[in-house]
Each structure stands twice: as structure tokens, then as C-alpha cells.
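[1] my questions concern the predicted model and sequence given below.
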Amino acid sequence: MPSGQPSSRPLTRSRSLAAILMLDQRRARLFLTIAGVDSFGTGLYTATSVLYFTKVQHFSITSVGLALSAGSITALLASLLLGRVADHYGARPTLIVLFLIRAVGYTLYITASQYWAFFALTCLLSCADRASTPINQALISTVFADRERATVLGTVMAVRNGAIVLGSATATIPVLLDSSALYAVGIAVNGVSFAVAALLLRGLRVPVSLPAGPTERDAAVRSPMRDARFVLITVVNGFLFTHVTILTVVMPLWVTEHTSAPRWALTLVLAVNAVTAMLIQIPLNRRTAGFRPAAHAMAAAGLAVGLSCVLYAGSGTTSAPLVAVGLLVVAVLVHTVGACLHLAGTYLSFELSPSRARSRYLSFFNLGRVGQDLVGPTLLTAALLRHTSYSWWLVGASVAAMGVLPSLLLREPPLPTAEQGPC
């Protein structure tokens, strides 16, 4: 009936959007729910944990930093081992165990009044945290294939960003009240979030993979450290993750101490980053489901992050507050596009990893991020906050140069390594 057409259009469009985002599939909704629950707890924990450890447990900020550094080193050493475990026992059961370890470990933080207990828990949880991401990605690659996989990965990233922002916003309540009890509640909620994630993951049906052919079997037993192509993209991945260190570590000090912009500009910059990332991550991922598109995304990511560094440098050279704010907003927009292109370009790790050893390969690929977390904050704060403009240009040029290497040096593998998705 003609009169019913206008009212049916919004419904049709919403169904079309749901289909594009794969929200009509139970398995996709399950991954998104897990990502949202997990990331909300993480955002709440990240915003309150340091205050809890220093104000309630009375650990010095130096000792907290030492434990976090030790945890990063431990995770660096344990990543490949945990990836091998996931390949042997399956990504789903391994991820469930890691979720449960995180649930118990983060809850035990509340009772870790002695430093040795805090230190040990931090090392354990750092390993579980770092291993969970690549193993979760390996699980997604088992359940979905090609364009579906890229879409789900992008949607998961968008949901994570939104949930972390929501968790961080919720954390303003205990921070404003400066309540020791509420700090503890924030840490406990993070623990509960992982228990819920483990429970949800039990309901996921994982398809049985087809037996690998001779070529893939040979690749499956090969260490990623002996694969020159994979070592290259791992190093490039570490360099491109400079964008995270700049945003989370350098940016607060740069905006407030090295530009003429008012302090509220920092909140504006972070908000622009979060909203832009949520809007563009999924479309970018859907366009990079393949070797060549992913390699081009890596190159574009390096160039965008490099250009943002030049714009950040410019924001520190003007004495006009509004001009500084304008340059910061433009810089963070370019920065965010580069960050999302980088995350979309990590699809290369799926293209170059054998399916039977995917957890181990993706865990190795994740070492680029772990390495950035280890050395990035120290190097970048020393360079960008002390030597200003020229250092921004140097960092930007380095990231741009590294980003283009995969598209210049790598050729598309002759045989696809990604297994077929479920029928």
C-alpha cells in the first residue's frame, strides 16, 4: 500500500545497515557483545587503577611503573608460547582460560596490599592481556572469512573504542568523589567483565577447519621469526603504533605545556579522535580485505600519521590560542584517519599467516605493539617534548617511510593462507 512506503523505508534501511555490519548474525553479535563488555571494564579500570594503587594501596608511582614495565617484558617473552598453546588446543578454549585468568587476577588486585603480590599479578595479567588480542583475532579468522572477517574486525574495533570511552566516562564518578571504595569497585567491575566475556564465549560455535594441504602444513610448522615477510610487517606494525603513544602519552603534555591552546583543547582533541574512529573504522576495514588493499592501507597510514606529526609541530609554534586549537583539531583528524588505516592494514597479518599456526603468527605480529609499549613512551616523550618541532618532523618522516615498505617490498602470496569460512 503506497501509504505504508514511507514508514517502511527506515525499517528497510536499518535492516540493510544491520546486514552490512553483520548484526543479523548471532556469531557476529556475540563477538561484539564480548568486545563491549570487556572494553567497558578496561576503560573503567584504566582511568582508576593508578589512583587506587597509589592512594589506596600506597605504592609509589615509580614502583607501579616498574611493575608495568616488568609485565610488558614478561608478555613479550610469553606471547609466542601462548600463541602455540592456542594453535594446539584451539583459540576458543584458550581465550576462555585467559578471560578467567583476567577475571580472577583483576579481582585479586583489591587484596594485593603487598608489593610482591601486586608485582606478580601485574606480570601474569600483562601476559593474559597481550595474548588475548591476537588469539581473539585468530578465533575471528576461524569463524569468518575474507570480507566478513574484515567487517567483524572493524566493528569490534569500533565497539571497543566506544566501550572504552564509556568506561572512562563512568570512571569520572569515583575520580570526582575521590572514593577509595569506588576505586576498588572499578577494579572489581573489570574483573567481572572478563568473567562475563568467558561465559558468553562458551556459546560460540566454532567450525571445524578442513585439513591443510602440503604447502600450508609446511608453513604451519615454520616459526614466524624465520619468515622474513612476517618479520618485516611486525616491525612496521610496531613503528605505526607510534600513533597510540603520541595520543595517550605525548598529547596530554604537548597540548597543556607546549602549545598556547587552552586546557579544554585536550578534551576536544580526545573526543574528536574517539568519534572519528568509531565512524570510519568499519568502512575502512571493509575496503582492505585482501593483500594489496591492506598493504596500501599500511602505506597510507604511515603517510597520514607522518603528516599529523607535522601539524602537531605547527600547533606548538603559534602564540594564537584559537589557531593552535584549529591546528590540533586538524592534526588529530589526520592522526585518527592514519590510526584507522593502520588497524585496517593489519589484515596483512592474516594474509601472510598459515591458518594452522595463526595464533602463533598473530601473537608474533602483536610483538610490534608490545615493543612500542616498552620503548615508545620513553623515546617519544624525550624526543617530542624536549626538542619540539624538528623531532616531530623526524618522527613523522620515520613512520611514513616504514609504512610504505610492505607495499614496496612484498608480493602477494601465490596461494591464499586464509581458510574458508563456515558454510
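    Looks like it came in fine.

[2] Phe31 in helix, strand or coil?
    Per DSSP: H, G, I helix; E, B strand; the rest coil, the local secondary structure of Phe31 is helix.

[3] how close does it get to Val104?
    23 Å (C-beta to C-beta, to the nearest Å). To be clear about C-beta, it is placed using only N, CA and C from the backbone, and glycine gets the same treatment.

[4] more neighbours, the two?
    Phe31 (24 against 15; other C-beta atoms under 10 Å).

[5] show the contacting residues for the more buried one.
    Counting by C-beta atoms under 8 Å, 6 or more residues apart in numbering, Phe31 touches Ile140, Val143, Val152, Val156, Leu204.

[6] SS state for the residue nearest the centre of the chain?
    Nearest to the geometric centre of the chain sits Met157, at 7.2 Å (C-alpha atoms, centre = their mean). Following three-state DSSP, Met157 is assigned to helix.

[7] tell me if I'm right that it and Leu343 touch.
    Yes: here Met157 reaches Leu343: they are 5.8 Å apart, a contact under C-beta atoms under 8 Å.

[8] show me the contacts for Val196.
    Counting by C-beta under 8 Å, 6+ apart, Val196 has contacts Val37.

[9] distance of it relative to Asn136?
    15 Å.

[10] ok, Gly191 next?
    18 Å.

[11] same drill for those two, tell me which one is more crowded.
    Asn136 (27 against 19).

[12] residues contacting that one?
    Ala91, Leu95 are the contacts of Asn136 under C-beta under 8 Å, 6+ apart.

[13] hmm, try it at 10 Å
    31, 34-35, 38, 86, 91-92, 94-95, 98-99, 153, 156, 197, 201, 359, 362 (C-beta atoms under 10 Å, 6 or more residues apart in numbering).

[14] of these, which belong to helices?
    Under the assignment DSSP state H, these contribute 31, 34-35, 38, 86, 91-92, 94-95, 98-99, 153, 156, 197, 201, 359, 362 to helices.

[15] if we can go back for a sec, thought the residue nearest to the centre of the chain was touching Pro283?
    No: under the contact definition of C-beta atoms under 10 Å, Met157 does not touch Pro283, with a separation of 11.9 Å.

[16] what touches both of the two?
    Joint contacts of Met157 and Pro283 (C-beta under 10 Å, 6+ apart) are Cys340, Ala344.

[17] pLDDT value on Ala103, please?
    According to the prediction, Ala103 has pLDDT 97.

[18] and for the one 5 residues further on?
    You'll see Leu108 listed with a pLDDT of 96.

[19] now swap in Pro6 and tell me
    So, for Pro6, pLDDT stands at 54.

[20] which parts of the stretch 201-350 of the chain are strands?
    Taking DSSP state E, counting those that start in this stretch to define them, one finds no strands in the stretch 201-350 of the chain.

[21] which residues of it score low on pLDDT?
    208-221 (pLDDT under 70).

[22] can you do 90?
    203, 205-223, 247-253, 256-258, 263-264, 266-271, 274-275, 278-279, 282, 286-290 (pLDDT under 90).
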